[in-house]
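**Q** Quick one, fold the following:
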Amino acid sequence: MSSPQQGDFACRLCGGGKLYLYYTLGNDGRFRYYRCADCSLVNYDLASGLDQRQYTTAFVDPADDDDRRNHDKDQSFAFLAGYVAQPARLLDIGCGSGRLLYLAKRAGWQAKGLELSASMAARVRERIGLEVTAADFLEFDPPPGELEAYDVVCLRHVLEHLPDAHAAMTRVRALTRPGGFFLAEMPNVEGLAKKWLRLVVRLGLHRRRFPADFMAGHCNEYCRRSFEELLRRHGFRLVRWETYSKKPFANWLLNRIAVGTKARALAQRTMS
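**A** Numbering: from 1, shown residues only. Take a look at the predicted model:
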């Protein structure tokens, strides 16, 4: 039997068995995250339970240019526009309130969304007049006409919630045309602030406080190395990896020195 310092399951990215305890969450440390020594993916021990409901978001008017909650999506679209020939065809998986879809439509792109929440999908359809399908991405079977049909497929703060990243990337590749792009945004487990917090907790200099009913919500945590390995296994190459913030000066700096806690990555599908 393995000790709590070693994972007793295989890495969900590379299948390796060399998993060591990286950090814990919860007041009693019951929610354990293990880093793979081979590929660097940080795997949550799913046997301890999972709760994704804490990430449910409220509807934000996607057409409101002044709402600060839309500004990170504005950054995402500006980032895409610097790499993708326009106008493009875009699919936003986990589109939330639809801000990215709205920006794409306003720029003359063809855009479609996929959203887990049926009520959110309905509100976005009503507000911006674009097609938004309510479905679980890992169970979604795209129509034949959408296979290899998109210039850009987006997973923004979705990938870390999916236990089976390989199933997700198989679907992403099937939807992306050869030479097309995949935009991913996710927490950067190697962000400087995250490293500092893990250090002071490990040294006993800080104790995190969690609500009594806290449950872990992220299945996997990525850094650049583990994300590139995932891409490689599914026929994508990394074009750009950066970190970002909603604050203008911090964002300018973090785009250039990738030490932030949120990562934005653009990958291109190989032609084969």
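**Q** C11 reaches C36, doesn't it?
**A** Yes - with contacts defined as Cβ atoms under 8 Å, C11 counts as touching C36 at a distance of 3.9 Å. Heads up, the C-betas are built off the backbone N, CA and C, glycines and all.
**Q** what are the ranges of the helices in the stretch 1-150 of the chain?
**A** With DSSP state H, counting those that start in this stretch as the definition, the stretch 1-150 of the chain shows helices at residue ranges 71-81, 99-106, 118-128.
**Q** hmm, back to that, show me whatever sits in contact with both of C11 and C36.
**A** Overlap between the neighbourhoods of C11 and C36 consists of L19, N43, taking contacts as Cβ atoms under 8 Å, 6 or more residues apart in numbering.
**Q** Need the three-state assignment for A263.
**A** strand (DSSP: H, G, I helix; E, B strand; the rest coil).
**Q** Who is it paired with across the strands?
**A** When bridges are assigned using DSSP bridges, the partners listed for A263 are M186, T243.
**Q** That one reaches R225, doesn't it?
**A** No - when contacts are counted by Cβ under 8 Å, A263 is not listed as touching R225 (11.8 Å).
**Q** more neighbours, these two?
**A** Neighbour tally, A263 and R225, criterion other Cβ atoms under 10 Å: the higher count belongs to A263, 23 against 11.
**Q** Strands along the stretch 151-272 of the chain, start to end?
**A** Listed in chain order, the strands found in the stretch 151-272 of the chain under DSSP state E, counting those that start in this stretch are 176-187, 220-221, 236-243, 262-269.
**Q** With mean pLDDT and distance to F79 as added columns, please give the ones you listed in TSV.
**A** Compiled in TSV, these are given as follows (pLDDT from 0 to 100; distance: least, Cβ to Cβ, whole Å):
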stretch	mean pLDDT	distance to F79
strand 176-187	98	8
strand 220-221	98	22
strand 236-243	98	8
strand 262-269	98	6
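**Q** closest to I93 out of these?
**A** Each of the strands of the stretch 151-272 of the chain was checked against I93 via Cβ to Cβ, and the shortest separation belongs to strand 176-187, namely 10.1 Å.
**Q** Point out the other helices and strands that that closest one packs with.
**A** helix 71-81, strand 150-156, helix 224-233, strand 262-269 (3 or more Cβ pairs under 8 Å, 6 or more residues apart in numbering; DSSP states H and E).
**Q** Okay, angle between the first one and strand 236-243 too, please.
**A** Helix 71-81 and strand 236-243 are oriented at 140 degrees to each other (axes from the mean of the first three to the mean of the last three Cα atoms, to 10 degrees).
**Q** likewise the second one?
**A** In this structure, strand 150-156 runs at an angle of 50 degrees to strand 236-243, with the same axes, to 10 degrees as the basis.
**Q** Enumerate the sheet neighbours of strand 150-156, specifying parallel or antiparallel for every one.
**A** Under the criterion DSSP bridges, the sheet neighbours of strand 150-156 are strand 89-93 (parallel), strand 176-187 (parallel).
**Q** Would you reformat these as TSV and include distance to R53 and mean neighbour count?
**A** Supplementary listing: the strands paired with strand 150-156 in TSV, determined by distance: least, Cβ to Cβ, whole Å; neighbours: other Cβ atoms under 10 Å:
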stretch	distance to R53	mean neighbour count
strand 89-93	19	25
strand 176-187	18	21
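**Q** Can you lay out those strands as CSV showing distance to T170?
**A** Putting the strands paired with strand 150-156 into CSV (distance: least, Cβ to Cβ, whole Å) gives the following:
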stretch, distance to T170
strand 89-93, 13
strand 176-187, 11
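**Q** follow-up on the earlier one: winner for burial among the helices of the stretch 1-150 of the chain?
**A** Per-residue neighbour counts averaged over each of the helices of the stretch 1-150 of the chain give the maximum for helix 99-106, namely a mean of 24 (mean count of other Cβ atoms under 10 Å).
**Q** picking that back up, right, so of the helices and strands packed on strand 176-187, which gets closest to V124?
**A** helix 71-81 (12.6 Å).
**Q** What average pLDDT does the closest one get?
**A** What helix 71-81 shows for mean pLDDT is 96.
**Q** can you give me how far it is from the chain middle?
**A** 15 Å (Cα atoms, centre = their mean, to the nearest Å).
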